[in-house]
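Q: One predicted model, sequence on top.
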Amino acid sequence: MNETHNLCPPTALAAIQADTQVIGFQMASDARVGPLLRTLAASKRVGRFLDLGTGTGLSAVWLLDGMGTESRLLGVDNDPALLAVAKRHLGHDERLQIVCDDGDRFIRQIAGEGQKFDFIFADMWAGKYRLLEETLNLLHPNGLYVIDDMLPQPNWPDGHQIKVNALIASLESRPDLRTAKMAWSSGVVVCAKT
């Protein structure tokens, strides 16, 4: 089995990758995470999706490729230069709404509005290392919560492993989650809310 063979990447992926390199953004998800996101998204044919840390759209393009026509994706990031790439290549898709906002403020706002999601991909500190409880409360029952970068990365700040260990322990201790840890790619955790 070759995990990089016959991936059938989304049409816009190559252009987003090229623009991501041009602007020098190096915090994007590992390329192998995309097909997993698409596959998991396909299990929720009609749903509300939340992409925390949309960046240039490298995760959003895969999510959109797996989502049904009636699904909606809300992408959030605090960097307008990164989001400009996502808007340029994905903005035509009516299923996608992109918001430029501080992650903590955004999570608090939508939690206060009582919004709920069927799928959350958290690829920023907000919703992962901060405001975890509030973010998990945004999930519908049977909703999926997905995070990556759980294996050591060269750009981790000193002491970050302690935060990763605490996050994983917190997820594992919750009786309302079923958790699968994958020591693959950058380290992925998938949780289903019961």
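A: Right, received. Where do you want to start?
Q: so how far is Ile23 from Tyr129?
A: Counting by C-beta to C-beta, to the nearest Å, the gap from Tyr129 to Ile23 is 25 Å. For every residue, glycine as well, the C-beta is placed using N, CA and C.
Q: how distant is the lengthiest helix in the chain from the center of its chain?
A: Secondary structure assigned by DSSP state H gives helix 160-173 as the longest helix of the chain. Its chain's C-alpha centre and that of helix 160-173 lie 18 Å apart, by C-alpha atoms, centre = their mean, to the nearest Å.
Q: Quick one: mean pLDDT over the next helix or strand after it.
A: Next along the chain after helix 160-173, taking DSSP states H and E as the criterion, comes strand 177-182. On average, the pLDDT along strand 177-182 is 98.
Q: how about the CA coordinates for strand 177-182, as PDB?
A: In PDB, the C-alpha atoms belonging to strand 177-182 read as follows (Å, rounded to 0.1, in the frame of the first residue of the first chain):
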ATOM      1  CA  LEU A 177     -15.900  11.100  23.600                       C
ATOM      2  CA  ARG A 178     -14.600   8.000  21.800                       C
ATOM      3  CA  THR A 179     -11.000   8.800  20.800                       C
ATOM      4  CA  ALA A 180      -8.600   7.300  18.300                       C
ATOM      5  CA  LYS A 181      -5.000   8.400  18.300                       C
ATOM      6  CA  MET A 182      -2.900   7.900  15.200                       C
END
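Q: Which other helices and strands does that strand contact?
A: helix 160-173, strand 188-193 (3 or more C-beta pairs under 8 Å, 6 or more residues apart in numbering; DSSP states H and E).
Q: Out of the ones you listed, which is the most enclosed?
A: Most buried of the helices and strands packed on strand 177-182, by mean neighbour count (mean count of other C-beta atoms under 10 Å): strand 188-193, with a mean of 20.
Q: Noted, bye for now.
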